[in-house]
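In: need the 3D shape of this:
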Amino acid sequence: MQESPARRNWTLAVVCIGTFMLMLDISVVAIALPDIQRSLDTSLSGLQWVIDSYALALAAFLVTAGSLGDLRGRKRLFLAGFVVFTLASLACGVAGSIEVLAISRALQGVGAAVLFATGPALIGAEFHGKARGMAFGLFGAAAGLAIASGPLIGGALIEVADWRWIFYINVPIGVLAIAVVLARVPESLDKRARPIDWAGMATLTAALGALVFGIIRGNAEGWTSPLILSCFMVAAALLAAFVLVEHRLGARAMFDLSLFRNTTFVGMSLLVLIANGAALPSIFIETNYMQNLLDASAWEAGLRFLPLTLALFVFGAVGGAMIGKIPFRALMGVACAAIGVGLALTSLAGPDSTWTVLIPSMIVTGAGMGLFNPTRAALAISVTEPARAGTASGINESFQQVGVAIGIAAIGALFEHRVTSDFVASSAGQQLGDSAPGAGSAISAGSLDAVAASTGSFAETTLDAARNAFVVGFHEAMWVCAILAGLASLIAIFMLREKDMHSTALSLIPPDLDDPEAAEPAGPARPESLPEPEPRVAQPVA
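Out: Numbers count the residues shown, from 1 in each chain. A predicted model of the protein is given here:
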């Protein structure tokens, strides 16, 4: 059947819209957390679940969703993903409690996983040769634009309406996109696709859920309490079961364990997990500092993140141009080191600082994130033969989301613990006695003024102690993030090896073997018997 340019363009447009929506819902929520906290009267751990439930569901269902789309039809599953994402967005908007919001966010994550897994495959089925490279360039731009513009868009919506509109806005867009999918997008599937690894998905999801729950509830329950220790033991047992299941399934497993024999693949997976575990939590904590300590509105906070946004865009282009000219280990090492230096620069901020003190940190951090994104995407598909590139990229994307979920949980727990302990040790905390730990927890969630007002005659002393404790927690959390980024840089330098690369063809999208316009890759030739994988484009680090 002859290709229709209009049909191709409709497919590209609706996939880019879906990608923009799901990526926006990663970054836009951070700017709304203080408003959500006040509206639903929740703790910091409740706010962590708003982000983590989305990331966990996205990580757990990503690879499975891709397999299901290959088997049952990508258009059909993409349509189902849009329906789930749209309805879950509506449920988030009407949520009356933090528990309902977290559950709705998890459902959003399921829909997002389906969209993110099947969207690139729909593009790959419609575009070939040079046009495919252009199409995936636009796809990647939509993802990067959503991540970078999230704080600004979220701030604008909250300014003119309230936090619920960051979710409501998805509904009319989703309905329109569903109509376009039904009318304009053709069906495609892969008859050679592997069956779905339900056992692997179930054990991985349960393991990650137990681990994150234990980390988030550790401060409240006690790190040595039976509940928390049980969570960690269950998580360890389920992760072991997951590895055993994947080993026994072999070629039918969702994670191809044989890839982990490659040192560079192991290094790439570790540094992506650690770098994302540093970058996203830092934005979560920095937003908390800007809105709750510096009293910036959501709109003002979104505007003040523009230095990071602009640096990310500029250095994203620079990073893309450097791929193939500079070794991966150097690019990734410099990117992660820049993220670490940028996060360390937040130590310049104090209780009475203005927001401009964060500008150097934002520029350097944004530069590192910009370099990281295209390099990671190219590395993910260059570390193995073309027939397994989609699998390698899918596994790597899962590591990214796991890093986000664990990082938000762990860094958030550290921040809450440090703020609480510092406030309890202060003179104001000692006057509050047994109620000081609860006040400290509320301060970590942003309720500085409310805690101070509740103390009556020594409100001013309490507010000073609360601000100082908040900054102490902010500095410690950001320094841990900076150290993690530095660790990721060392992993890049010592574990990314050029000899492990399958090919020096560093294009993000593998050329189409059947298309005469496709460029021949440098390095080892592709075996003619191997099928070309459906390309999977990776999510940016932040």
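
In: which elements pack onto the helix or strand bottoming out on mean pLDDT in the chain?
Out: Of all helical and strand segments in the chain, the minimum by mean pLDDT, DSSP states H and E falls on helix 129-160, at a mean of 76. Under the contact criterion of 3 or more Cβ pairs under 8 Å, 6 or more residues apart in numbering; DSSP states H and E, the helices and strands touching helix 129-160 comprise helix 5-40, helix 98-126, helix 165-168, helix 298-304, helix 306-322, helix 359-382. Quick note: C-beta positions are derived from backbone N, CA and C, even for glycine.

In: with distance to Leu79 added, can I get those in JSON lines?
Out: Below are the helices and strands packed on helix 129-160 laid out as JSON lines (distance: least, Cβ to Cβ, whole Å):
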{"stretch": "helix 5-40", "distance to Leu79": "10"}
{"stretch": "helix 98-126", "distance to Leu79": "9"}
{"stretch": "helix 165-168", "distance to Leu79": "20"}
{"stretch": "helix 298-304", "distance to Leu79": "32"}
{"stretch": "helix 306-322", "distance to Leu79": "31"}
{"stretch": "helix 359-382", "distance to Leu79": "26"}
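
In: redo the ones you listed as JSON lines? Include mean neighbour count, mean pLDDT and distance to Asn288.
Out: Formatted as JSON lines, those follow (neighbours: other Cβ atoms under 10 Å; pLDDT from 0 to 100; distance: least, Cβ to Cβ, whole Å):
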{"stretch": "helix 5-40", "mean neighbour count": "22", "mean pLDDT": "86", "distance to Asn288": "7"}
{"stretch": "helix 98-126", "mean neighbour count": "24", "mean pLDDT": "87", "distance to Asn288": "16"}
{"stretch": "helix 165-168", "mean neighbour count": "22", "mean pLDDT": "94", "distance to Asn288": "17"}
{"stretch": "helix 298-304", "mean neighbour count": "21", "mean pLDDT": "88", "distance to Asn288": "10"}
{"stretch": "helix 306-322", "mean neighbour count": "19", "mean pLDDT": "83", "distance to Asn288": "16"}
{"stretch": "helix 359-382", "mean neighbour count": "25", "mean pLDDT": "84", "distance to Asn288": "15"}
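
In: and of the ones you listed, who's closest to Phe61?
Out: Distances from Phe61 to each of the helices and strands packed on helix 129-160 were compared using Cβ to Cβ; the minimum, 3.7 Å, belongs to helix 98-126.

In: on that earlier part again, and of the helices and strands packed on helix 129-160, who's closest to Cys336?
Out: When the helices and strands packed on helix 129-160 are ranked by distance to Cys336, counting by Cβ to Cβ, first place goes to helix 359-382 at 6.7 Å.

In: and the closest residue to Tyr289 other than its chain neighbours, what does it touch?
Out: On the basis of Cβ to Cβ, 6 or more residues apart in numbering, the spatially nearest residue to Tyr289 that is not a chain neighbour turns out to be Phe474, at 5.0 Å. With contacts defined as Cβ atoms under 8 Å, 6 or more residues apart in numbering, Phe474 is in contact with Ile285, Asn288, Tyr289, Leu293, Thr346, Ala349, Phe415.

In: in helices, which of those fall?
Out: Of the positions in the contacts of Phe474, Ile285, Asn288, Tyr289, Phe415 sit in helices, assigned by DSSP state H.

In: quick one on the thing from earlier: gap between the least confident helix or strand of the chain and the chain center?
Out: A distance of 14 Å separates the centroid of the chain from that of helix 129-160, by Cα atoms, centre = their mean, to the nearest Å.

In: got the angle for it vs helix 98-126?
Out: If you take axes from the mean of the first three to the mean of the last three Cα atoms, to 10 degrees, helix 129-160 sits at 160 degrees to helix 98-126.

In: what pLDDT does Leu487 get?
Out: Predicted confidence (pLDDT) at Leu487: the value is 96.

In: same thing with the one 10 residues further on?
Out: Arg497 carries a pLDDT score of 83 in this model.

In: the one 5 residues further on too?
Out: His502 carries a pLDDT value of 60.

In: quickly note the distance from Ala459 to Met233.
Out: Applying Cβ to Cβ, to the nearest Å, one obtains 44 Å for the distance of Ala459 from Met233.

In: higher neighbour count, those two?
Out: For Ala459 and Met233, the more surrounded residue by other Cβ atoms under 10 Å is Ala459, and the numbers stand at 15 against 12.

In: contacting residues around Leu90?
Out: With contact set as Cβ under 8 Å, 6+ apart, Leu90 has these partners: Phe167, Tyr168, Asn170, Val171.

In: the third one: neighbour count?
Out: This points to Asn170. The local packing count at Asn170 equals 27, with neighbours defined by other Cβ under 10 Å.

In: how far does the helix or strand containing Ala199 sit from its chain's centre?
Out: Element membership for Ala199 (DSSP states H and E) is helix 198-221. The gap between where helix 198-221 is centred and where its chain is centred comes out at 17 Å by Cα atoms, centre = their mean.

In: which parts of it are buried?
Out: 199-220 (16 or more other Cβ atoms under 10 Å).

In: please name every helix or strand in contact with that helix.
Out: Contact partners of helix 198-221 among helices and strands, from 3+ Cβ pairs under 8 Å, 6+ apart: helix 44-72, helix 226-249, helix 389-425.

In: average pLDDT for the second one, rounded please.
Out: Confidence for helix 226-249, expressed as mean pLDDT, is 91.

In: cool, the first one as well?
Out: This predicted structure assigns helix 44-72 an average pLDDT of 79.

In: need the contact list for Phe423.
Out: For Phe423, the set of contacting residues under the criterion of Cβ under 8 Å, 6+ apart consists of Gly429, Ala436, Ala439, Gly440, Ile443, Ala465, Ala466, Ala469.

In: as TSV, the ones in helices among the contacts of Phe474 with pLDDT, distance to Pro327 and neighbour count would be great.
Out: Converted to TSV, the ones in helices among the contacts of Phe474 look like this (pLDDT from 0 to 100; distance: Cβ to Cβ, whole Å; neighbours: other Cβ atoms under 10 Å):
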residue	pLDDT	distance to Pro327	neighbour count
Ile285	88	33	26
Asn288	85	37	26
Tyr289	89	36	25
Phe415	92	36	28
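
In: now render these as JSON lines, adding distance to Ala32.
Out: Supplementary listing: those in JSON lines, determined by distance: Cβ to Cβ, whole Å:
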{"residue": "Ile285", "distance to Ala32": "15"}
{"residue": "Asn288", "distance to Ala32": "12"}
{"residue": "Tyr289", "distance to Ala32": "16"}
{"residue": "Phe415", "distance to Ala32": "18"}
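
In: list just the nearest of these to Thr354.
Out: Tyr289 (12.4 Å).

In: tell me the buried residues in the helix or strand hosting the residue nearest to Tyr289?
Out: With secondary structure defined by DSSP H and E, Phe474 is part of helix 459-495. Taking 16+ other Cβ under 10 Å as the neighbour-count basis, helix 459-495 is seen to contain the buried residues 462-478, 480-482, 484-489, 491-493, 495.

In: ok, now stretch 426-440?
Out: Residues Ser426, Ala428, Gly429, Leu432, Ala436, Pro437, Ala439, Gly440 are the ones in stretch 426-440 that count as buried (16+ other Cβ under 10 Å).

In: next, find the distance separating the closest residue in space to Pro195 that isn't next to it in sequence from Trp198.
Out: Spatially, and ignoring its direct neighbours in sequence, Pro195 is nearest to Arg252 (5.8 Å; Cβ to Cβ, 6+ apart). In this structure, Arg252 lies at 11 Å from Trp198, with Cβ to Cβ as the measure.
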